[in-house]
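[1] Build me a structure from this.
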Amino acid sequence: MTVSRTGTALAVAAGVGGVALNVIARRAPWRRYPLSLVGMGFGVVGAEASVPAAAAQLAVTGVAAALKAHRSKIGVAAMAVSLGAAVGLAALQKPANDTRRHLQGAVDEALGRGAVEVWAPTPALPQGYRRKEFIVADGVRYSDDQQLDVWRKAGVTGAPVLIQVHGGSWTGGDRRQQNLPLLAHMADNGWVCVAVDYRLGPKHRWPAQIVDVKRAIAWSATTSSGY
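    This is a model prediction of the structure:
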């Protein structure tokens, strides 16, 4: 493969990838598992990391140009598409900024401007690494095949209970991997936290997931006082 062909191939790949990110970040075309997982992956990159994605798009386009992609009509067209995709990705930052402004406006309206500090300073070390510090019961069986973990700070009594149901569209995820900073933060502030697993689709059909969550709630209501 010549240098020109390498650059053209890279430009085409960048153009196709950039268009896919733009389209899926705005509206995922797939709703059914397992294609929905592909859509979710593209959507997260395009919608939640739009500026870095746009920068990467420009960088790849620049590499393609350095590899003489402009020597072919296909390469020129692909680089144009890739540059347009970078602009589209950068434009996705505006809805993210608008969302923050609307949320802050709602807080200001309810509590008064500057009444609360919405975001606390981020700790130097992610609190997920503090799991062993707060786990008092690991892998407790609350149903036939489902388990939960109990998080609690030493010496805490009479604490409120938070039940953590991990994300994953009911088809993926694990109680031991998700929202660990939240669980550590809440446990550190005097809560008893119950992190639960549940049966996952599509192997287990709806409403198996809700049944498991209800069982976890029932377990917490009757048993968590022991912690």
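
[2] which secondary structure element contains the residue nearest the centre of the chain?
    Against the mean C-alpha coordinate of the chain, by CA atoms, centre = their mean, the closest residue is Val44 at 6.9 Å. Per DSSP states H and E, Val44 falls inside helix 35-48.

[3] I'd like the average pLDDT over that helix.
    For helix 35-48, the mean pLDDT works out to 77.

[4] Buried residues, that helix. List them.
    36, 39-40, 42-43, 45-47 (16 or more other CB atoms under 10 Å). To be clear about C-beta, it is placed using only N, CA and C from the backbone, and glycine gets the same treatment.

[5] Grab the nearest non-local neighbour of Asp145.
    By the measure of CB to CB, 6 or more residues apart in numbering, the closest residue to Asp145 outside its immediate chain neighbours is Arg199, 7.4 Å from it.

[6] doesn't the one you found fall inside a strand?
    No: under DSSP: H, G, I helix; E, B strand; the rest coil, Arg199 falls outside any strand and is assigned coil.

[7] so how far is Ala86 from it?
    The gap separating Arg199 from Ala86 is 42 Å, by CB to CB, to the nearest Å.

[8] which helices and strands sit right next to the helix ranked longest in the chain?
    For the chain, the helix that runs over the most residues, judged by DSSP state H, is helix 3-26. Secondary-structure packing of helix 3-26 (3 or more CB pairs under 8 Å, 6 or more residues apart in numbering; DSSP states H and E): helix 35-48, helix 50-66, helix 73-91.

[9] relative to helix 3-26, how tilted is the last one?
    Translated: helix 73-91. Relative orientation of helix 73-91 with respect to helix 3-26: 30 degrees, computed using axes from the mean of the first three to the mean of the last three CA atoms, to 10 degrees.

[10] which residues are contacting helix 73-91?
    4, 7-8, 11-12, 14-15, 17-19, 21-22, 25, 46, 50-51, 53-55, 57-58, 60-61, 64-65, 68-70 (CB atoms under 8 Å, 6 or more residues apart in numbering).

[11] Sort out which of those residues are buried, if you could.
    7-8, 11-12, 14-15, 17-18, 21-22, 25, 46, 50, 53-54, 57-58, 60-61, 64-65, 68-70.

[12] returning to what we had before: I'd like to check the angle between the longest helix of the chain and helix 50-66, please.
    Going by the same axes, to 10 degrees, helix 3-26 makes 160 degrees with helix 50-66.

[13] Off-centre distance for helix 3-26?
    24 Å (CA atoms, centre = their mean, to the nearest Å).

[14] swap in stretch 185-203?
    On CA atoms, centre = their mean, the centre of stretch 185-203 falls 16 Å from that of its chain.

[15] now the end-to-end length of it.
    Distance between the two ends of stretch 185-203: 33 Å, counting by CA to CA, to the nearest Å.

[16] Now do the buried residues in that stretch.
    Under the neighbour-count criterion of 16+ other CB under 10 Å, stretch 185-203 has 185-187, 191-201 buried.

[17] cool, stretch 89-105 as well?
    Neighbour count says stretch 89-105 has 89-90, 92 buried, by 16+ other CB under 10 Å.

[18] before we move on, what about stretch 135-143?
    For stretch 135-143, by 16+ other CB under 10 Å, it's 135, 137, 140, 142-143.

[19] Kind regards, and thank you for your time.
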